[in-house]
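structure here, sequence nowhere to be found:
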């Protein structure tokens, strides 16, 4: 064997890795928000929408959930380029990620809405709240609270999935590792370091989303009920 | 003066089952009408028709001068005038007591934040829960939750209040506090329709008691009716239920 | 046909075949390694639980493409010149075992406590209790989420594209480079993935509804 580990590239490439970390985080945050909105609207559409709305939403959810993200990204990135609408890698990445995580969020949120007792809807209607008001003020907050742990898992999976964006030459963390590997031929070390950084990022994101929950659900904060 | 609620030969079916077989009944303004009867007699359904939770299949139903059932009823407008309290409280668990009470006034009637707070303070005082404004529903007892539900309805300043077996889910020692709130409302002149199993309470608070049986108004009268039933069915009901 | 030659289409279909091979490797490997993970996670021994839990968190905290790279380069510095299929298969095994281990742990724990107690009262040994009482019940609960996870396995084999394994995704990439018809090529690739995954999704859903009814 006799392989000698060499991590000396770290000092030289630290700034690149740092940039990669930021791009990964930025990509994640920028995709979570629209992804959540798309998913929530889709869930509402699947529950309360007319037949055509329900059908479109179902096709979207099933098409996305049954094909790999890589193919979706390639389709978008290379496909649009042929049409003359060349997206930069970052834009293509966040569009693909938003659409992708939106489909998973839709399923999670649908379960959330469906788990709300019927009496809540009835009470809201009897207080003369309109349909949209009822969904916004009574159902949505309860649905999000109920499925929050599942949403956190999904968003963490999404952050991990950003690593595939190196395939369209986005220079997020895995992309940086790839460059280090090709310049230093220290692939194993480069990816070990990357793996450790991802583990730290996952912990960071988890803690952040926990903080978001405490801010978003005052009842949990007050009563100390675990999520 | 026209009555607050007027049922004229109202019919209601769920599929093939006819639950209301021609109800005719007036609820005069300021009166308290108590619907009694066995489960399945149609009393809850009749109550739920009044604020449009169930749609009427036949006959005419007028509430606050508006005719329901013509398919064009503005349910939101109706429900601003008709409050309802359910057996299962149905408070919004993610909101504080005060937020529960102010949600509809703020969003539906567009009351300002400060005014809504004052309104909440007023109705919570009415049900004796001023000190619980910042609590969450799960921190309250069942009786307290039900009183908040009443306050939540009162905050819409309804002309008519409906109570659907509001004490059935409560432990006996908690029913009293809820019934007292309803009695006070009756004294203040609120028009109310109640479905209840509490016969003693019904006798005390009702201007009119309506005994329903097999989807029909079987017998009606003042509180004394329960002491001297005219029909065999009411006699049996009174004998087994008291 | 469709603007592609028969050979080009067959090229994609062959890629899909390798995707299935890798999926199968991932599932079999994931099962072999995932079962002990699930057992260790529900073990009475704290140390065992912690080791298994650390393993799961480790694997679930690293992107699969990075796992692919680590295995690939790790094997090569160990002096093993292996085909990409082996590296990808090992990575898929690690990945699947962590998720399957978690899924199955949940199934074992969802068997009511009273069942353990009842088995204990019948004077069965620990192993007997597990094999004859808990396992059959846990297996029944495990079917729907396991079939559901197969969809994840099939989709995630696409990440082996990073180490150049000739699966459906890689074939599509190569074909796109030579034909320059990205919409067409990737749409067909997507359709092929869909044809594999959607029936599995439907099946998982059906099993789940069946289980709920019981």
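Received the coordinates, thanks. Everything numeric in this text was worked out from a predicted model, so none of it was measured.

tell me the phi and psi of residue C:127?
phi -70, psi -40 (degrees, to the nearest 10).

and the pLDDT at it?
Listed pLDDT for residue C:127 reads 82.

got the contact list for the residue nearest to residue A:166 when sequence neighbours are not counted?
Closest residue to residue A:166 in three dimensions, ignoring its sequence neighbours and counting by C-beta to C-beta, 6 or more residues apart in numbering or on different chains: residue A:175, at 3.5 Å. Every C-beta, even on glycine, is put in place using the N, C-alpha and C of the backbone. Neighbouring residues of residue A:175 by C-beta atoms under 8 Å, 6 or more residues apart in numbering or on different chains: A:20, A:165, A:166, A:169.

chain A contacts on chain B?
Contacts of chain B with chain A, taken as C-beta under 8 Å from any C-beta of the partner chain, map to B:51, B:53, B:75-77, B:79-80, B:83-84, B:86, B:88, B:90-94, B:103-104, B:107-108, B:136, B:138-139, B:152-153, B:156.

quick one: the strands in chain B, in order.
Listed in chain order, the strands of chain B (DSSP state E) span B:5-14, B:17-27, B:32-36, B:58-63, B:66-67, B:82-85, B:160-164, B:191-195, B:208-213, B:216-221.

run the angle between the longest one and strand B:58-63 for me.
When you say that, I think you mean strand B:17-27. Here the directions of strand B:17-27 and strand B:58-63 differ by 40 degrees (axes from the mean of the first three to the mean of the last three C-alpha atoms, to 10 degrees).

now the host helix or strand of residue A:212: mean pLDDT?
Per DSSP states H and E, residue A:212 falls inside helix A:187-216. Helix A:187-216 shows a mean pLDDT of 94.

flag every buried residue along it.
Within helix A:187-216, the residues that qualify as buried are A:187-195, A:197-198, A:201-202, A:205-206, A:209, A:213, counting by 16 or more other C-beta atoms under 10 Å in any protein chain shown.

and chain C, which of these contact it?
A:187, A:188, A:191, A:192, A:194, A:195, A:198, A:202.

give me the nearest residue to the fifth one, chain neighbours excluded.
Just to be clear, that refers to residue A:194. Using C-beta to C-beta, 6+ apart, the closest residue to residue A:194 is residue A:177 (4.2 Å).

hang on, that neighbour packs against residue C:63?
No: between residue A:177 and residue C:63 there is no contact under C-beta atoms under 8 Å: 10.4 Å.

those two: which has the busier surroundings?
residue A:177 (29 against 26; other C-beta atoms under 10 Å in any protein chain shown).

now do the contacts for the more buried one.
Residue A:177 touches A:17, A:20, A:166, A:190, A:191, A:193, A:194, C:66, C:69, counting by C-beta under 8 Å, 6+ apart.

close to chain B, is the worst-scoring helix or strand of chain A on mean pLDDT?
In chain A, no helix or strand scores lower on mean pLDDT, DSSP states H and E than helix A:218-223, which sits at a mean of 82. Yes: counting by C-beta under 8 Å from any C-beta, chain B is contacted by helix A:218-223 at A:219, A:222, A:223.

what number of residues lie near residue 13?
All of this refers to chain A. Other residues close to residue A:13 by other C-beta under 10 Å number 20.

could you do chain C instead?
13.

who touches residue B:86 in this structure?
Per C-beta under 8 Å, 6+ apart, neighbours of residue B:86: A:119, A:122, A:123, B:149, B:164, B:166.

now the two most distant members of the contacts of residue A:175.
Across these, the longest distance by C-beta to C-beta is 12.7 Å; it joins A:20 and A:169.

between those two, who's got more neighbours?
Set residue A:20 next to residue A:169 and count neighbours by other C-beta under 10 Å: residue A:20 wins out with 25 against 11.

check contacts around that one.
Counted by C-beta under 8 Å, 6+ apart, residue A:20 has contacts A:171, A:172, A:173, A:174, A:175, A:176, A:177.

you'd agree the residue nearest to residue A:166 is in a helix?
Yes: under DSSP: H, G, I helix; E, B strand; the rest coil, residue A:175 sits within a helix.

which stretches of chain B have low pLDDT?
Residue ranges of chain B with pLDDT under 70: B:69-71, B:241-242.

closest point of it to chain C, which residue?
Going by C-beta to the nearest C-beta, chain C is nearest to residue B:15 of chain B, at 23.2 Å.

for chain A, what lies in contact range of chain B?
A:117, A:119-120, A:122-130, A:133, A:137-138, A:141-142, A:145, A:217, A:219, A:222-223.

now the buried members of those.
A:120, A:122-129, A:133, A:137-138, A:141-142, A:145, A:217, A:219.

quick one, helices of chain C?
Along chain C, the segments classed as helices by DSSP state H run C:6-41, C:46-60, C:64-77, C:84-109, C:113-121, C:126-128, C:135-156, C:168-179, C:182-213.

kindly report the same for chain B.
Using DSSP H, helices in chain B cover B:43-50, B:75-81, B:97-107, B:113-126, B:142-154, B:172-187, B:199-205, B:232-241.

is it possible to get JSON lines of those that adds mean neighbour count and distance to residue C:79?
Below are the helices of chain B laid out as JSON lines (neighbours: other C-beta atoms under 10 Å in any protein chain shown; distance: least, C-beta to C-beta, whole Å):
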{"stretch": "helix B:43-50", "mean neighbour count": "23", "distance to residue C:79": "78"}
{"stretch": "helix B:75-81", "mean neighbour count": "18", "distance to residue C:79": "76"}
{"stretch": "helix B:97-107", "mean neighbour count": "23", "distance to residue C:79": "67"}
{"stretch": "helix B:113-126", "mean neighbour count": "16", "distance to residue C:79": "72"}
{"stretch": "helix B:142-154", "mean neighbour count": "24", "distance to residue C:79": "70"}
{"stretch": "helix B:172-187", "mean neighbour count": "17", "distance to residue C:79": "77"}
{"stretch": "helix B:199-205", "mean neighbour count": "17", "distance to residue C:79": "88"}
{"stretch": "helix B:232-241", "mean neighbour count": "14", "distance to residue C:79": "88"}
